[in-house]
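Participant: Here you go, sequence then predicted model.
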Amino acid sequence: MSHWIDPEGEGRGLVYLDNAETTRLDPAVLDLIEEFMVDKYGVPAGEFGYGLEEEAGEAIERARETIARRINASPDEVIFTSGGTESNNIAILGAARSSYYKGKRLVTSKIEHRSILRIIDKLTTQGFEETLLDVDREGFVNPPDLKTSLGDARLVSVQHANQEIGTLQDIAAIGDIARDSGILFHCDAVQSFAKEKIDVQAMKIDLLSISSHLIHGPKGVGALYVGDGVKLEPIMEGDDRERGLRPGTPNVVGIVGFAKAVELMTNGDSARMRGLRDKLIESLLAIPDSRLNGPRGERRLCNNVNVSFRYVEGEAILMHLDLKGLVVNTGSACYSQKLEPSHVIRAIGGTLEESHSSTRFSLSKWTTKYELAYAAETVKQVVEKLRAQSPLARKVSQRR
Amino acid sequence: MTATSETLAKRFGYSEKVMDHFKNPRNIGIIEDADITSKVGSVACGDLIKLYLKFDPDKNDQIKDIKFESYGCAANIATSSMMTEMVKGKTIDEARKVTFKDISETLGGLPRIKLHCAVLSRQGLETAFLKYEAKKGRVKIDESFVNKILRGVLDPVQGVDIISAKILESAVVEGKKITFGLNAKADSELAKSLTEDIRDAFEGLDVDLDLKFKG
């Protein structure tokens, strides 16, 4: 059975709260995609295109404008990619291989998405050095720390919103420091794009990775903002499409679907999710011995909730919730195929126990208060059930 | 609700039997007047069980009752539940013939990365037997005994016992005193976790533990 949710909610289908993993396609996006798959199936052919080719070319340029406007960039600064990971690779590998920049140090934070950490780790085997910035208990990088670590750096890469605990970094402060030091600033905004305000000019961002499938757009498409004057070495060879940085036949249906999904995400959606998020946090923290991971309020991503429940283990929580039609995620080692606990919870100073029970709920623009009421009640029951089986919980209740 | 998808169970490769024992664990809970208890695994690992056993001395120490508590994943709960079912009513000698593979097979198999859960539940049983025999004066608390007990104490990083993980450097028994040499920094999270787990492993035995950490 697919992870379908009834847009009307009310707990009739699965209650899907794993929207930081992927989202359901917006039906209006599907209509447009179908149009471009069935009728408008051309690909842009360069300057002498006509008919179908022209139609596709124009649609891609309109999509580019839509996305550029959303981040206050100009359209020629946006290149389309296959998603967040590819954008990260084109940006970081491209900056590392560029002969235009000299520094040998790459600076990032300990809580970045795996793709960033792995790209940078790989580059340390190719003559680069890495600096992994610590974060505080809520997941924030301390901009003054960044300043002292920059020195001979070539690039700093700090995400906008964290994928697990929703921490929204002070990107403008980081951008200021990087720009003052003349160092490239890459920001992974896959989780926050079209949900939180991003202004590449005001935030002084040189490179920005974004993706379609977390905002009800199709999977397999994303974009990279490459600021005017930023000189990347292409990591793929082919034609000159997408400024030569992403050669090959463009994913026309993905690109038009992506832009449509962006248009359909409004500030009102974010505000509504923020309100629901805070209600869910409140209900979950009413469960005894629970702890919110990440910050509160405006400094938290509008659709992210992450709570650890003491004395119980995350995989068992998820398994019980799944049986009740509730889909969430966990940082538990037992849940990962490599049996490794969440690097994010560890980096914010959480104990191993906190990482094993960290449970992430990520909302969508369609999430209803009824679904969240069902989620909160179900989680409470499951945590109580597992605590009744846990020797750790009993040890504590005896001490009380 | 229309959806009881069990999509996660399928993704993990859990059999129907595993899910049955996870959803409705047999012999869950505690025995107030247990003859012996054992605790193996670690909180840091996310994988821990506590066993409670009662024996019938008139019937060659048949396991009259056995219960368990769990802090761990679905496989941890299911393997412990199945293990208790398989050994209840058996004598210690008979129960010792049940292997972790038997537990896994009776559950219809476990995903490869969850096999260690069957190993842990079987180790919990062995630890309980060893402690019971020591309490009855049938076995001596010597270095061999101590090493067998330590098979139930895990290194949270590697998820294997502290002997295989080479964290244990030495275990010396002098009378009632057991001195452990441990390869971990004195005030580290690992040391904290080991201290708790080793004390739990020997809980109820008439011994004095001395843990010596390096650095």
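Facilitator: Thanks, I have the structure now.

Participant: can you give me the offset of stretch A:193-206 from its chain's centre?
Facilitator: Chain-centre distance of stretch A:193-206: 14 Å, with C-alpha atoms, centre = their mean, to the nearest Å.

Participant: start to end distance for that stretch?
Facilitator: End-to-end distance for stretch A:193-206: 16 Å, by C-alpha to C-alpha, to the nearest Å.

Participant: what do you get for stretch A:134-146?
Facilitator: One end of stretch A:134-146 to the other measures 10 Å (C-alpha to C-alpha).

Participant: domains for chain B, by residue range?
Facilitator: Following the assignment in automatic domain parsing, chain B carries domains at B:13-137, B:140-215.

Participant: Would you mind finding the most buried of those domains?
Facilitator: With neighbours taken as mean count of other C-beta atoms under 10 Å in any protein chain shown, the domains of chain B reach their highest mean count in domain B:13-137, at a mean of 21. Heads up, the C-betas are built off the backbone N, CA and C, glycines and all.

Participant: picking that back up, columns mean pLDDT on top of the domains of chain B, output as CSV?
Facilitator: CSV is the format used below for the domains of chain B (pLDDT from 0 to 100):
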stretch, mean pLDDT
domain B:13-137, 96
domain B:140-215, 92
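
Participant: Of all these, which one is nearest chain A?
Facilitator: Of all those, it is domain B:13-137 that lies closest to chain A, at 3.8 Å by C-beta to the nearest C-beta.

Participant: and the closest one, anywhere near chain A?
Facilitator: Yes - Domain B:13-137 lies within reach of chain A by C-beta under 8 Å from any C-beta of the partner chain, at B:22-23, B:25, B:28, B:30, B:39, B:43-50, B:69-77, B:113.

Participant: Tell me which helix or strand comes right after whatever helix or strand residue B:69 lives in.
Facilitator: Secondary structure assignment for residue B:69, by DSSP states H and E: strand B:62-71. The helix or strand immediately downstream of strand B:62-71 is helix B:74-87, counting by DSSP H and E.

Participant: name the helices or strands packed onto that following helix?
Facilitator: Other elements packing on helix B:74-87 under the criterion 3 or more C-beta pairs under 8 Å, 6 or more residues apart in numbering or on different chains; DSSP states H and E are helix A:314-323, helix B:16-23, strand B:47-56, strand B:62-71, helix B:100-106, helix B:115-135.

Participant: got those as TSV, with distance to residue A:376 columns?
Facilitator: Shown next, in TSV, are these (distance: least, C-beta to C-beta, whole Å):
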stretch	distance to residue A:376
helix A:314-323	12
helix B:16-23	22
strand B:47-56	27
strand B:62-71	23
helix B:100-106	36
helix B:115-135	30
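
Participant: Wait, a strand at residue A:307?
Facilitator: Yes - under DSSP: H, G, I helix; E, B strand; the rest coil, residue A:307 sits within a strand.

Participant: Tell me which helix or strand the closest residue in space to it that isn't next to it in sequence sits in.
Facilitator: Closest residue to residue A:307 apart from its sequence neighbours, by C-beta to C-beta, 6 or more residues apart in numbering or on different chains: residue A:284 at 4.7 Å. If you go by DSSP H and E, residue A:284 is part of helix A:267-285.

Participant: mean confidence for that helix?
Facilitator: What helix A:267-285 shows for mean pLDDT is 98.

Participant: check contacts around the most centrally placed residue in chain B.
Facilitator: Chain B has residue B:124 as the residue nearest its centroid, 2.6 Å off, counting by C-alpha atoms, centre = their mean. Going by C-beta atoms under 8 Å, 6 or more residues apart in numbering or on different chains, residue B:124 touches B:38-41, B:49-51, B:68, B:80, B:83, B:152.

Participant: Which of those sits closest to residue A:184?
Facilitator: Nearest to residue A:184 among the contacts of residue B:124, counting by C-beta to C-beta, is residue B:41 at 46.7 Å.

Participant: My read is that that closest one contacts residue B:151, right?
Facilitator: No - counting by C-beta atoms under 8 Å, residue B:41 stays clear of residue B:151, with 11.3 Å between them.

Participant: What residues of the helix holding residue A:284 count as buried?
Facilitator: By neighbour count on 16 or more other C-beta atoms under 10 Å in any protein chain shown, the buried set for helix A:267-285 is A:269-270, A:272-274, A:276-277, A:280-281, A:283-284.

Participant: ok, how many other residues are close to the residue lying closest to residue A:305 once chain neighbours are set aside?
Facilitator: Excluding its sequence neighbours, the residue lying closest to residue A:305 (C-beta to C-beta, 6+ apart) is residue A:361, at 4.3 Å. Residue A:361 is flanked by 27 other residues according to other C-beta atoms under 10 Å in any protein chain shown.
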